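In: Okay, here's the prediction I keep looking at, along with the sequence it came from:
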Amino acid sequence: MISERQVTIVNKKGLHVRPAAAFAQEAARFKSKIRILRDGRSFDGKSSLDLLMIAAVPGTRLVIQAEGEDAEEAAAALAKFVDSRFGMEEAD
Amino acid sequence: MEIRRGIGVSPGYAIGEAFVLSDEEFAISRKEVSPKEVEGEVARLEAASKQAIAQIADQLSRMSKRVGQSVARILQAHMGLLGDEKLRAEVAEDIRKNRHSAEYAVSRTLKRKMKVLGDSGNFAWVQPILQDLSETEKALLRALLGEKREALAGLTREVVVVARDLSPAQTLGLDRSRVLGMVTEIGGSTSHTAIVASSLGIPAAVGVEGIARDVTTGDRIILDGSTGTIILDPDVATLKRYQAMGRNFEVMEKKLSRELRELPAVTRDGTRVELFANIETPEEIPGALANGAEGVGLYRTEFLFLRGGGPPTEKTHLEAYRKAVSLLGQRRLVIRTLDLGAYKMPVDGFAREENPHLGTRAIRLCFARPDIFKTQLRAILKVAALGNVQMMIPMIASVEELLRVREILAAVKRDLQRENQPISDGIPVGIMVEVPSAAMTADLLAEHADFFSVGTNDLIAYTLAIDRGNERVASLYQPSHPAILRLLANVIEVGARTGKAVAVCGEMSGDVNYTLLLLGLGLRTFSVVPPVIPEIKKIIRSVSIQDAKEIADRAVKMGDARKTADFLKAETRKILPDAT
């Protein structure tokens, strides 16, 4: 099963080191494979290093693609996680 | 293959393995391993990443209470990177596929990531990420290398040294027989690296953006020190072409130097010209003499002050000067007293200055700290009894300053005589002419100075108000500016009229394109970096004073920096077709 969500990076710093680590950690909770698609390129959503390589500045639009038994749940949760600014306070 | 450009500061070709000095001086000693060792390297990688993570965990556990959440989160993020499976998989693949050592594979993999990010646009935005990746690389290397960091001084093979910047201590520590070339990100053509490299005859380029980030120790690299071109990962055809050029260059250089070394620097009409060397350490003297130097026209003593551990003792000064004298015999040695700004030499009691170049530097620092100055003067006076020693005072801007130097010197002499120390009574005391006021009042200064040596680098900077290290204005740094030619002509003319010797020891003196001009203006003493001596001698031997005078006259009358530079270059090419 494959599920996708389109998201926009809305936190002030973009997909920096801490958000990337937090996202990878969040993604690891799911059994599904998580891929992040941008401009035809695909990145591993469970690798914080790969997430950094997206170079996603604020405003970047990305697609979260989950593949596996909990795909729908994973895609929905991770999209929400991005929308909620990676669960961080903006002050940092 | 990839081509980068910087500023060529010391001619010659260097082809070989890069040796990247990071700020922590990590150096990777082995690039490849045997097939049998491959799995061992993968295991080392796994162990290293566990160890690096454990170290951060330990750090976290000890500090969590005291520091804020944000620092802890950054450390957690670093742990995430260190434990990243994708990173480990990529490094392991590089080890297995290319039989790279774990260190090399780590460094190469992360450097490539950093390069991709660095090239992604958004320069400012990616900077912190690059730092985090660099931290990750360092943490893994620390774990892999343990304490076995290879020092620059202990190189075991020939390498091209690549660094963001090289400190004086690092360049001093270089094993010269192993360094094929030097490449740095920082610096202009008057930078420390530039001066050291060209005086040692080691090809070098400075101002090469991002090079220390993009290159990994062990990578193959080509450096063309005349044009400042760097080629990363060259293809076979390029490699062959540069190898041929390198051989050709060496043959030409050796031939020129051998042929010319024994011949005097005499113009076609029999006028004798003196060629001296600029040096930073006595170790450079044998090479300078081999290139045909008649002695040392500028011994910069700043290295003694930059070694750390406070201002040098009299003993430290004496050891260095004695060594220089013993290598030179009765050949001339001109020792320049301290020429540093307070900002470069952490001495107590000096606040940060807003304009250090217009502040407490060189002789002004010596007046502010007579203890430091007197220690150096004592050593110079003592060594003057042993050889043909002269001393030169930098940054003199007025007669009063020179008189004050004379007073301090007389007091130091009295002290030494009271101690019954053998000293030379009549040591010549000259001044550097590098402040425009000194160049304009050379006639007044001539009454109290035994000789002049024009420091063109600072003279040009101060006259044209240009900081050559500032890229935005660097192109306005013009040795051929009419103001510079007039100041030079004035100093040389005053010297001839008053019988005081005039030398030019700045970079202009070592640039073959200005040899004809300086000769024509009446200069008879050049002090230059040793490797250029043969070429300068060749020019001197190819012309008559009359030819040179005509060229200088035309140049001075042009009144236009660019046209003058072009004209001088064209005249020089007639004699040295390869000059750049």
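Out: Done, it's in. Because the structure is a prediction, the values reported are computed rather than measured. Numbers count the residues shown, from 1 in each chain, chains lettered A, B, ... in the order given.

In: Just list the residues touching B:Leu304, thanks.
Out: When contacts are counted by C-beta atoms under 8 Å, 6 or more residues apart in numbering or on different chains, B:Leu304 is found next to B:312, B:316-317, B:320. C-beta: built from backbone N, CA, C; applies to glycine.

In: one more time with 10 Å
Out: B:280-281, B:311-313, B:316-317, B:319-321, B:338, B:376, B:379 (C-beta atoms under 10 Å, 6 or more residues apart in numbering or on different chains).

In: measure it to A:Val7 for me?
Out: In this view, B:Leu304 and A:Val7 are 61 Å apart by C-beta to C-beta, to the nearest Å.

In: For the contacts of B:Leu304, please prepare a markdown table with the additional fields neighbour count, distance to chain A and secondary structure.
Out: Converted to a markdown table, these look like this (neighbours: other C-beta atoms under 10 Å in any protein chain shown; distance: C-beta to the nearest C-beta, whole Å; DSSP: H, G, I helix; E, B strand; the rest coil):
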| residue | neighbour count | distance to chain A | secondary structure |
| --- | --- | --- | --- |
| B:Glu280 | 22 | 42 | coil |
| B:Thr281 | 19 | 44 | coil |
| B:Pro311 | 18 | 44 | coil |
| B:Pro312 | 22 | 45 | coil |
| B:Thr313 | 13 | 48 | coil |
| B:Thr316 | 17 | 46 | helix |
| B:His317 | 23 | 50 | helix |
| B:Glu319 | 16 | 50 | helix |
| B:Ala320 | 21 | 48 | helix |
| B:Tyr321 | 25 | 53 | helix |
| B:Leu338 | 25 | 46 | coil |
| B:Gln376 | 24 | 50 | helix |
| B:Ala379 | 24 | 53 | helix |
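
In: Farthest pair within the residues you listed?
Out: The span of the contacts of B:Leu304, defined through C-beta to C-beta, is set by B:Glu280 and B:Thr313 at 19.4 Å.

In: Extract the residue ranges of the chain that are flagged as low pLDDT.
Out: You didn't say which chain, so I picked chain A. Judged by pLDDT under 70, chain A has its weakly predicted residues at A:89-92.

In: Hmm, no, I was thinking of chain B.
Out: When the per-residue scores of chain B are filtered using pLDDT under 70, the ranges that remain are B:22-30, B:62-71, B:146-155, B:167-174, B:188-192, B:257, B:308, B:342-351, B:578-580.

In: okay but B:Glu135 is in contact with B:His78, surely?
Out: Yes: shown here, B:Glu135 and B:His78 form a contact pair, counting by C-beta atoms under 10 Å, at 6.2 Å.

In: between these two, which one's more packed in?
Out: Residue environment comparison for B:Glu135 versus B:His78 gives the larger neighbour count to B:His78, 23 against 16, counting by other C-beta atoms under 10 Å in any protein chain shown.

In: Can you name the element that comes right after the host helix or strand of the more buried one?
Out: Take DSSP states H and E as the rule and B:His78 turns out to sit in helix B:69-82. Along the chain past helix B:69-82, the next helix or strand (assigned with DSSP H and E) turns out to be helix B:85-98.

In: Now list whatever residues contact both of B:Glu135 and B:His78.
Out: Jointly contacting B:Glu135 and B:His78 under the rule C-beta under 10 Å, 6+ apart are A:Val17.

In: Could you tell me the end-to-end distance of stretch B:510-523?
Out: Length of stretch B:510-523, first residue to last, C-alpha to C-alpha, to the nearest Å: 13 Å.

In: mind pulling up the phi and psi values for residue 83?
Out: No chain was given, so I picked chain A. Dihedral angles of A:Asp83 (phi, psi; degrees, to the nearest 10) stand at phi -60, psi -30.

In: ah, no, chain B please
Out: Main-chain dihedrals, B:Gly83, degrees, to the nearest 10: phi -90, psi 0.

In: which residue packs closest to it, ignoring adjacent ones?
Out: Leaving out its chain neighbours, the residue that sits closest to B:Gly83 by C-beta to C-beta, 6 or more residues apart in numbering or on different chains is B:Ile53, at 5.5 Å.

In: now B:Ala212
Out: Nearest in space to B:Ala212, with sequence neighbours left out and distances taken as C-beta to C-beta, 6+ apart, is B:Arg164 at 4.5 Å.

In: now B:Glu46
Out: Closest residue to B:Glu46 in three dimensions, ignoring its sequence neighbours and counting by C-beta to C-beta, 6+ apart: B:Arg88, at 7.2 Å.

In: Okay, and the beta partners of B:Tyr13?
Out: Taking DSSP bridges as the rule, B:Tyr13 bridges to B:Asp224.

In: Can you name the residues that contact it?
Out: By C-beta under 10 Å, 6+ apart, the neighbours of B:Tyr13 are B:180-181, B:203, B:222-226, B:229, B:242-250.

In: hmm, try it at 8 Å
Out: Contacts for B:Tyr13 were tallied using C-beta under 8 Å, 6+ apart; they are B:181, B:203, B:222-225, B:242, B:245-246, B:249.

In: just B:Leu239 next, same as before
Out: B:15, B:220, B:222.

In: Look up phi and psi at the residue of the stretch 401-550 of chain B found nearest chain A.
Out: For the stretch 401-550 of chain B, the nearest residue to chain A under the criterion C-beta to the nearest C-beta is B:Glu471, separated by 26.5 Å. Its backbone dihedrals place B:Glu471 at phi -50, psi -30, with angles given as degrees, to the nearest 10.

In: how distant is the helix or strand harbouring B:Ile285 from the center of its chain?
Out: Secondary structure from DSSP H and E places B:Ile285 in helix B:285-290. For helix B:285-290, the gap between its own C-alpha mean and the chain's C-alpha mean amounts to 18 Å (C-alpha atoms, centre = their mean, to the nearest Å).

In: Alright, that wraps it up for me.
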